[in-house]
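>>> Next come a sequence and a model predicted from it.
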Amino acid sequence: MISEEENTLTAHQIWVLDYIASHPDQEIIQRDIEAHFSIRRSTASHMLQLMEKNGYLIRLSAPDDARMKNLVLTAKGIESQKRMKERLCRFETLLSSGFSPEELQYLEILLKRLGDNIK
C-alpha cells in the first residue's frame, strides 16, 4: 500500500529516487540529474530542495570539493523507492498477463519502432 505522503511524489521525483538508488557505488550530484533527465539547473534545484525538505534525500559535501553536494537517499527515500518499484513490477505483471513471451517480444519491437518514428 502506498502512503499518503508518497502519493504526493511526482513522476520525476520517483525517477530521481530510482536513478540515485540504481547507482549505489557512484557519487551522484545535481549536475548528473540535470544531464540524465535533460532538465534545467533551476528545475533540478527546486525538485531536489523539495525532496530534501520532505525527507527523501540529503545533500552531503563532496570530500574533494565542498561546493559539490552528493545526493544521498535517506531511509525514507530508499523505502519509498522500493515500494514504487514493487508497485511498478506488479503493474507490469498485470499488463503483460495473457500474452505469450513471443507476443510480448513482438509488442516491444513495435513499440520501439513507434518510438523511433516519434523521434
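Structure received. Residues are numbered from 1 along each chain as shown.

>>> alpha carbons only for contacts and neighbour counts from here, please
Fine.

>>> so where's the protein shaky on pLDDT?
For the chain, applying pLDDT under 70 flags the ranges 1-7.

>>> can you give me the helices in it?
11-21, 30-37, 41-53, 75-96, 101-118 (DSSP state H).

>>> nearest to D65, of these?
In terms of C-alpha to C-alpha, the element of the helices of the chain nearest to D65 is helix 30-37, at 13.7 Å.

>>> and the angle from that closest one to helix 41-53?
Following axes from the mean of the first three to the mean of the last three C-alpha atoms, to 10 degrees, one obtains 110 degrees for the angle between helix 30-37 and helix 41-53.

>>> Tell me which residues of helix 30-37 come out buried.
In terms of neighbour count (16 or more other C-alpha atoms under 10 Å), helix 30-37 has its buried residues at 30, 33-34.

>>> List the beta-bridge partners for the closest residue to M68 other than its chain neighbours.
Distances taken as C-alpha to C-alpha, 6 or more residues apart in numbering put A62 closest to M68, at 5.5 Å, once the chain neighbours are dropped. On the basis of DSSP bridges, A62 is bridged to D65.
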